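Asks: no sequence on this one, just coordinates:
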């Protein structure tokens, strides 16, 4: 733009300097992207980044002096996974983008925090997706976080709108709702107004408010005025807590060739929200897309949308690209065959993945509830088989995500009373059934990917193709390692994982294998112990690698995992004074949901013991660990709820924690 020369200066311990290169490259890409996408140029001659090991947060966007947790800025193939590389790129971009959305235009007060954080999260999501030509993959990754962490927050006692009305402590504002749901609200502007309209709104926003402290209302006004539209109804999103629900039903008039889609909304808002619902239609016989993506504006409690001129019945693909942060519910109940159809044929990559996730969820919940699931498991197997073999899927990452079962935290959002061990068991049962059914095909896929990776040479790459191959190969490894019920199967799984571990040329594959090895028992026990010792020795004291070593073991699927975690917190390399190390063990164990929520309550007791100690050392980390693991006690059965609440009361002292 202006041609200004900007000096980029990164600071770290001398031993870590070689791991800063990717962060530097990411910053350069972020600066170029912001110039090209929004016409925003950096305004100083210097930009500093400082890497700090003991830092509670991920990063802080001080003007021209960004401070980073080393986990968010250091990366190299030996110590970092593909996910680590992506995190570095995203957070480097996020903190740089704050120069305009956070520093030059800042918040009038703390209640407007989502104005800078939600907007900047959206910007870093767009940046990461576009510079890597992987917008669909990035969208899947972001929605997984929203449906896991943010929906969970919406369903618990900490539910709040993206612009809260009050607070006890400012630290409480740094939530998944303010950040992640805030980004979804910003994304809806982009969806409703189109990217061109959103750019016009951003231009006016900066023209009006550069150098000012402003509110969410000022941003909305700029978007509305720049595009000549009324967004007063859309403003209700800022004051509405909880996750809205959109329900749907449909009919097809074969005589007139008209498809009618009825959408209804419900939320905690006293008046209807403005919800953009992205829809496409696929021919029921051929799978051909007969109506490309359209944005339906749901502004009333119930609306009927008509699609005329159709030659035959269609299957609707609804909420494409997750066009609004809502739960989608079919009024007629889940149609497994329709989901299988969309999972195999939808032209929208995101909805293809999402349909598979919803189908897998149906099967897992039926297994958990001990219902007859024969009619569901058949479409599941058909979908998995088609996805594995489909030559029209060119992105291995999309294939990998579509083959992956929904996580336990996501599944928990589909039930009223959460039973983590039951969810874990049901998910495992479905995974094993799939693995046994397609063992030969999965093995062949694994072998082909191994050959392709070896043929590509030893140079480490983080381009979409290389990342996709590794991701898909590691998904295959996971399915094959799940077949480990007999001694022979245990030996085979251990041999496969050990070979994967030993032949890994980077941390992505090494950690994927290690995560399976740490859970092996029976005939795989010796391989497990050998891998644990080898991984530790290879770490050679590197703090980020040791964090992975601790986290993997705390996440292990072993009957004595709690005892192992207790030994880990007594390990010489463990310290409550190091936030990253603390999270690697304590937070990882609380996310090992079947073990943490064991019916004995011993997991809760352990957490209470450790949080009492942690609170004296680092109360912020202690509070965040408590909030994420105990505060949702009302969503569990009475026995678990009583024990979880008891730990909260213990930690709070004499103050009652009644809601």
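Replies: Perfect, I can see it now. In this text, all values refer to a predicted model and were calculated from it rather than measured experimentally.
Asks: Who are the packing partners of the helix or strand encompassing residue 276?
Replies: Residue 276 is part of strand 275-283 when elements are defined by DSSP states H and E. Packing partners of strand 275-283 (3 or more CB pairs under 8 Å, 6 or more residues apart in numbering; DSSP states H and E): helix 182-209, strand 258-266, strand 289-298, strand 314-318, helix 336-345. Backbone N, C-alpha and C define where each C-beta goes, glycine included.
Asks: So for residue 614, which of the ones you listed sits nearest?
Replies: Closest to residue 614 of those, according to CB to CB: helix 182-209, at 28.7 Å.
Asks: returning to what we had before: just checking: what are the partner strands of the strand holding residue 276?
Replies: When sheet partners are counted by DSSP bridges, strand 275-283 sits next to strand 289-298 (antiparallel), strand 314-318 (antiparallel).
Asks: Check those strands for me and report the most buried one.
Replies: Of all the strands paired with strand 275-283, strand 314-318 has the most neighbours on average by mean count of other CB atoms under 10 Å, namely a mean of 22.
Asks: Tell me how far that strand lies from the chain's centre.
Replies: From the chain centre to the centre of strand 314-318 is a distance of 25 Å (CA atoms, centre = their mean, to the nearest Å).
Asks: which residues touch that strand?
Replies: For strand 314-318, contacts defined as CB atoms under 8 Å, 6 or more residues apart in numbering pick out 248, 250, 252, 259, 261, 277-284, 290-291, 307, 328, 338, 341-342, 346-348, 351.
Asks: Can you flag the buried ones in these?
Replies: Neighbour-count burial (16 or more other CB atoms under 10 Å) applied to the contacts of strand 314-318 gives 248, 250, 252, 259, 261, 277-283, 290-291, 307, 328, 338, 341-342, 346-348, 351.
Asks: In terms of helices and strands, where is residue 589?
Replies: Here residue 589 sits within helix 588-591, counting by DSSP H and E.
Asks: Looking at residue 611 now. What's its pLDDT?
Replies: In this model, residue 611 is scored at 94, pLDDT.
Asks: swap in residue 638?
Replies: The score at residue 638 is 97. That number is its pLDDT.
Asks: Which secondary structure state does residue 496 sit in?
Replies: helix (DSSP: H, G, I helix; E, B strand; the rest coil).
Asks: For stretch 146-153, which outside residues touch it?
Replies: The contact list for stretch 146-153, computed with CB under 8 Å, 6+ apart, reads 159, 175-177, 180-181, 184, 243, 322, 325, 327, 407, 409-410, 412-413, 632.
Asks: buried subset of these?
Replies: Neighbour counting over those (16+ other CB under 10 Å) leaves 175-177, 180-181, 184, 243, 322, 325, 327, 407, 409-410, 412-413, 632 as the buried ones.
Asks: Looking at those residues, point me to the pair that's furthest apart.
Replies: Once CB to CB is applied, the buried ones among the contacts of stretch 146-153 give 322 and 632 as the farthest pair, at 23.1 Å.
Asks: related to what we said a few turns ago, quick one: which of the helices and strands packed on strand 275-283 is nearest residue 3?
Replies: The nearest among the helices and strands packed on strand 275-283, by CB to CB, is helix 182-209 at 20.5 Å.
Asks: angle of the closest one against strand 275-283?
Replies: Going by axes from the mean of the first three to the mean of the last three CA atoms, to 10 degrees, helix 182-209 is angled at 120 degrees with respect to strand 275-283.
Asks: Include distance to residue 497 when you put the helices and strands packed on strand 275-283 into a markdown table, please.
Replies: Listed next are the helices and strands packed on strand 275-283 as a markdown table, based on distance: least, CB to CB, whole Å:
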| stretch | distance to residue 497 |
| --- | --- |
| helix 182-209 | 37 |
| strand 258-266 | 46 |
| strand 289-298 | 41 |
| strand 314-318 | 38 |
| helix 336-345 | 29 |
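Asks: Include mean pLDDT when you put those into a markdown table, please.
Replies: What follows is the helices and strands packed on strand 275-283, written out as a markdown table (pLDDT from 0 to 100):
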| stretch | mean pLDDT |
| --- | --- |
| helix 182-209 | 98 |
| strand 258-266 | 98 |
| strand 289-298 | 98 |
| strand 314-318 | 97 |
| helix 336-345 | 92 |
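Asks: between those, which gets nearest to residue 583?
Replies: helix 182-209 (22.8 Å).
Asks: Sort out for me which of the contacts of stretch 146-153 are in strands.
Replies: Those of those mapping onto strands are residue 327, per DSSP state E.
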